[in-house]
Each structure stands twice: as C-alpha cells, then as structure tokens.
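Visitor: Compute the structure for the input listed below.
(one chain, ligands or ions: 2)
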Amino acid sequence: MKGFASCTAGLLALASQVSGHYIFQQLTANGVKNPAYTYVRKNTNYNSPVTDLASKDLRCNVGGASGVNTSTVSIAAGSSITFTADVAVYHQGPVSVYMAKAPSTAAAFDGSGNVWFKIFDLGPKFPGGTWDLKQAYTITIPKCITDGEYLVRIQQLGIHNPGGTPQFYVGCAQVAITGGGSSDLGPKVAFPGAIKATDPGYTANIYNSFTSYTIPGPPVATC
Ligand SMILES: *[C@@H]1O[C@H](CO)[C@@H](O)[C@H](O)[C@H]1NC(C)=O
Ligand SMILES: [Cu+2]
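Guide: Numbering: from 1, shown residues only. Ligands and ions are numbered 1, 2, ... in the order given. The predicted structure follows:
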C-alpha cells in the first residue's frame with residue numbers, strides 16, 4: 001500500500017480482503033497463459049505504483065528497465081494477447097496499452113525515446129462513469145505493424161483519490177511480431193513525458209459531476 005490516504009477510496013470495499021495492489025505479471029499469447037514473469041518484466045517494487053510523472057519507471061515499472069531475465073514470445077500481427085494481474089484491478093481509472101519497436105532486441109530495450117504508440121484505451125462508461133475493472137485485459141496487436149521485436153506496455157492509472165497523486169500500475173511484455181505489414185504507427189510519445197500533471201484525465205474528479213472523461217496520452221493508433 002502506498003499510504004492509507006491515497007488508497008482509502010478504493011480500499012473500503014477491499015478492507016476484508018488481502019491488502020495489496022495489483023501487479024501485471026502474466027501474458028497470454030498464442031492461446032497459452034504463461035507463468036508470471038515469463039514474458040512480462042519482473043518489477044522490484046512489489047505492488048506499489050509509480051507516482052512520479054518524471055520517472056523512467058513509468059515505462060516498464062520499477063526494476064523493469066532491463067529485459068535480460070525475460071523471454072520474448074513470437075506472435076502474429078493481428079493476434080490477441082492478454083495481460084493478467086495477480087489480483088483484479090480495483091482503483092478506478094483508465095487502462096491503456098502502448099507498443100514500442102526495439103532498435104535491436106526487446107530484451108535489450110529500455111523503452112527510451114519518442115517510441116511509444118498507443119494501441120488500446122479503456123475508459124469509463126457514461127452515464128454513470130463506471131469503470132470496467134478486471135484482472136485481465138485482452139488487446140489485439142495491430143495487423144499492419146512491421147515485423148520485429150517490441151515492448152508492449154500496459155498502464156492502469158488509478159485516479160480514485162482526487163486531489164491526491166494518481167497511481168500508475170505498469171508492466172512491459174516482450175514480443176516478436178511476425179506476419180505484419182509495413183505501417184509505422186503513431187503518433188509516438190516518450191515516457192516520461194507523455195502524461196502531464198495538467199492533463200484533464202489526470203486531474204479528473206471521478207466523484208463530482210463526472211459526465212465525461214479524456215484518457216491521457218495520444219490517440220489510439222489505427223492501421
Ligand atoms: C536477473 O536475475 C538475476 C538472478 O536472479 C539477478 O541477480 C539480476 O539482478 C536480474 N537482473 C535484472 C536486470 O533483473
Ligand atoms: Cu491503493
């Protein structure tokens with residue numbers, strides 16, 4: 001837990017359960033749900049979020065800068081993958097997934113530079129402003145991207161505590177894309193940098209006149 005105050009809103013419902021945040025650990029690829037940290041980089045901050053908008057840890061979580069201990073899975077462009085967390089996400093906020101092509105191997109890539117394009121956004125449903133909080137999120141890899149090795153980064157942004165510091169729950173999987181096309185998707189952004197403290201989706205108060213929401217970051221890239 002980050003601190004009681006920052007977790008209170010989401011914790012009330014969870015008080016009788018195990019106290020702990022969620023960590024994206026498992027990747028399902030080619031229809032196989034793999035053990036934790038096979039293809040997802042292992043973090044070293046247990047289940048704490050990243051809260052510093054200027055931190056490089058926003059890329060692949062604390063301890064996730066290197067992929068030397070992580071395998072890379074070969075998947076077809078256009079196929080689906082699933083990120084599964086150890087426990088279901090319970091702090092309200094959007095889920096986004098980004099990809100970045102590695103200059104060489106995914107394992108050797110730290111995710112630096114203006115390299116990340118977004119492939120998935122999941123925001124609240126209106127009216128009501130309800131969030132689809134789950135333990136597993138499935139996304140489709142764009143069919144048109146070029147073959148090669150990529151990092152796939154999932155980000156859940158906890159904005160459950162308006163006025164407090166939003167919490168980033170992130171993790172990176174390593175994939176090698178086959179059967180792709182010729183598109184260099186964008187726009188591309190950098191982490192840190194892509195999300196600013198003034199972004200409406202970062203400062204939103206989800207409990208007060210919550211009638212619309214803009215997910216932080218660039219638009220989802222399309223083929
Ligand atoms: C890789 O695993 C070894 C052995 O567990 C560990 O000592 C090392 O710190 C790990 N490296 C990274 C970058 O996680
Ligand atoms: Cu919390």
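Visitor: what does this structure put close to ligand 1?
Guide: By CB under 6 Å from any ligand atom, the part of the chain that sits against ligand 1 consists of 66, 68-69. Just so you know, the C-beta spots here come from the backbone N, C-alpha and C atoms, and that holds for glycine as well.
Visitor: run the last query once more with 5 Å
Guide: Proximity of the chain to ligand 1 (CB under 5 Å from any ligand atom) is limited to residues 66, 69.
Visitor: got any ranges where the chain has weak pLDDT?
Guide: 1-19 (pLDDT under 70).
Visitor: what about the strands in it?
Guide: Under the criterion DSSP state E, the chain carries strands at the ranges 24-29, 32-33, 73-76, 80-85, 95-101, 117-122, 136-140, 148-158, 167-178.
Visitor: So which bits of the third one are buried?
Guide: Which is strand 73-76. The neighbour-count check on strand 73-76 (16 or more other CB atoms under 10 Å) flags 73, 75 as buried.
Visitor: Report the strands that pair with that strand, each with its relative direction.
Guide: According to DSSP bridges, strand 73-76 forms sheet pairs with strand 167-178 (parallel).
Visitor: Could you do the fourth one as well?
Guide: Note on strand 80-85: by DSSP bridges, its sheet partners are strand 24-29 (antiparallel), strand 136-140 (antiparallel).
Visitor: now the shortest one
Guide: Strand 32-33 sits in its sheet next to strand 24-29 (antiparallel), going by DSSP bridges.
Visitor: Now the partner strand - C-alpha only, PDB.
Guide: Taking C-alpha atoms only, strand 24-29 is exported to PDB below (Å, rounded to 0.1, in the frame of the first residue of the first chain):
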ATOM      1  CA  PHE A  24       0.600  -7.200 -14.200                       C
ATOM      2  CA  GLN A  25       2.500 -10.500 -14.200                       C
ATOM      3  CA  GLN A  26       1.200 -12.900 -16.800                       C
ATOM      4  CA  LEU A  27       1.000 -12.800 -20.500                       C
ATOM      5  CA  THR A  28      -1.400 -15.000 -22.600                       C
ATOM      6  CA  ALA A  29       0.000 -15.300 -26.100                       C
END
